[in-house]
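**Student:** Next comes the sequence, and after it the predicted model I'd like to discuss.
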Amino acid sequence: MFIINSDRSEHVEYDGADYPVKTAHALLSTYPGFAAPPHWHDDLEFIAVTGGTMLYTINDETVELGRGDGVIVNSRQLHFGHSIDLRECEFTCVLVHPRMLRIDTTFEHDFVLPILRAPNLPYVVLHDDVGWQRRALKAMVAMADADDALDVMALVFPLWRDLVRHLQPEEPADASDQDLAVMKQMMRYVHEHYDQPLRLADIARAGAVGTSKCCALFARFLQCPPNEFLIRTRLERSLDDLTGSDRTVAAIARDAGFHGASYFTQVFRAHYGCTPTQYRRRAS
């Protein structure tokens, strides 16, 4: 289960305490509503689809991935996988913190930072009909079966070599992407105040933008209006209580920011295809 911090970054639980690497084979259906929550992290993320299809949104762009496709998401990019029609997708997911690539300062300067900092490379889509990309996809699937961090990195470095040789990173601009920074700030505000009555103006004020700009940014980065993101955040926060406590549905609804159990149940069913009680029963 995802652990999301107040700034919408993921608290990554690595495979071991000594090395910041996480590997997994996964199903999209394990996420409520066949959608991971929008999040970001310092880690590089490697996704390889082994069956089915899914949509993958990175910042303000969405790509469709099928079997034999994959994506590499750069550090600190807002992203999430999802399905618009609840179709299953099997995939491998590997997270590797950039410090695992830092052999020394010269190597980092020449071969790591140019890609990490490239404004034109928030992500790279891979297809198995391109030679070097096919090698990368095979390596990504193999990473999820690796015995330890050493085996993972033995696969990561040849993949990184291909990225360096085939991609053309641009020099970073003097200013960072202000829109993405504003978006993260507004998401953080919703995350920290979801249990309170929130208006559109409150969310916009958190990003120091007007309401029109606020709505435009949510549409651009999350493909939903601010109020829908607020509802999704409240639903996400209710899931832990439903599966990890015996509190009543009415109490959980109230603490998540919903006005009444009936409305909570209605919204929950619309998003997840079942009632909160049914979700709790299935989880147990």
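**Tutor:** Here it is on my side, so go on.

**Student:** Could you look up the SS state of residue 254?
**Tutor:** Here residue 254 takes the helix state, with states given by DSSP: H, G, I helix; E, B strand; the rest coil.

**Student:** and it, how many neighbours?
**Tutor:** 16 (other CB atoms under 10 Å). All C-beta spots, glycine's among them, are computed from the backbone N, C-alpha and C.

**Student:** Could you report the separation of it from residue 28?
**Tutor:** Between residue 254 and residue 28 the distance, using CB to CB, to the nearest Å, works out to 31 Å.

**Student:** Excluding chain neighbours, give the residue nearest to residue 206 in space.
**Tutor:** residue 189 (3.5 Å; CB to CB, 6 or more residues apart in numbering).

**Student:** tell me which element that neighbour is part of?
**Tutor:** Per DSSP states H and E: residue 189 is located in helix 178-193.

**Student:** can you give me the mean pLDDT across that helix?
**Tutor:** On average, the pLDDT along helix 178-193 is 92.

**Student:** ok, residues contacting the following helix or strand past that helix?
**Tutor:** Using DSSP H and E, the helix or strand that directly follows helix 178-193 along the chain is helix 200-206. Residues outside helix 200-206 that contact it (CB atoms under 8 Å, 6 or more residues apart in numbering): 185-186, 188-190, 193, 210-211, 213-215, 226-227, 230.

**Student:** let's go with 6 Å and repeat that
**Tutor:** 185, 186, 189, 211, 214, 226 (CB atoms under 6 Å, 6 or more residues apart in numbering).

**Student:** Output the below-cut-off pLDDT ranges for the stretch 1-150 of the chain.
**Tutor:** 1 (pLDDT under 70).

**Student:** separation between the residue sitting furthest away from the middle of the chain and residue 75?
**Tutor:** In the chain, residue 106 marks the outermost C-alpha relative to the chain mean, sitting 30.8 Å out by CA atoms, centre = their mean. To residue 75, residue 106 is 20 Å away according to CB to CB.

**Student:** Run through the bridge partners of residue 89.
**Tutor:** Beta bridges link residue 89 to residue 52, judged by DSSP bridges.

**Student:** cool, residue 93 as well?
**Tutor:** residue 24, residue 47.

**Student:** now the helices: where do they sit in the chain?
**Tutor:** Taking DSSP state H, the helices of the chain run over residues 105-107, 113-116, 131-143, 149-166, 178-193, 200-206, 211-222, 226-244, 249-255, 261-272, 276-283.

**Student:** and residue 74, how many neighbours?
**Tutor:** 21.

**Student:** For burial, what's the neighbour tally of the closest residue to it other than its chain neighbours?
**Tutor:** Nearest non-adjacent residue to residue 74, counting by CB to CB, 6+ apart: residue 122, 5.3 Å away. Neighbour count of residue 122, defined by other CB under 10 Å: 19.

**Student:** quick one, strands of the stretch 1-150 of the chain?
**Tutor:** 21-27, 44-58, 61-66, 69-73, 79-82, 89-96, 123-127 (DSSP state E, counting those that start in this stretch).

**Student:** Can you check the distance spanned by stretch 104-119, start to finish?
**Tutor:** Start and end residues of stretch 104-119 are separated by 23 Å (CA to CA, to the nearest Å).

**Student:** in it, what's buried?
**Tutor:** Neighbour counts over stretch 104-119 (16 or more other CB atoms under 10 Å) mark 108, 111, 112, 113, 114, 115, 116, 118 as buried.

**Student:** Quick check: the second one touching residue 165?
**Tutor:** This points to residue 111. No: the pair residue 111 and residue 165 fails to qualify as a contact (CB atoms under 6 Å) at a distance of 10.2 Å.

**Student:** still on that earlier bit, max pairwise distance over the contacts of helix 200-206: which two?
**Tutor:** 185 and 211 (15.3 Å; CB to CB).

**Student:** Angles on the backbone of residue 197, please.
**Tutor:** The phi and psi values for residue 197, taken as degrees, to the nearest 10, are phi -60, psi 120.

**Student:** got the contact list for it?
**Tutor:** Contacts of residue 197 (CB under 6 Å, 6+ apart): none.

**Student:** mind checking how far it is from residue 32?
**Tutor:** 24 Å.

**Student:** swap in residue 81?
**Tutor:** In this view, residue 81 and residue 32 are 13 Å apart by CB to CB.

**Student:** quick one, which of these two is more surrounded?
**Tutor:** residue 81 (22 against 19).

**Student:** which residues does that one contact?
**Tutor:** With CB under 6 Å, 6+ apart, residue 81 has these contacts: 36, 54, 56.
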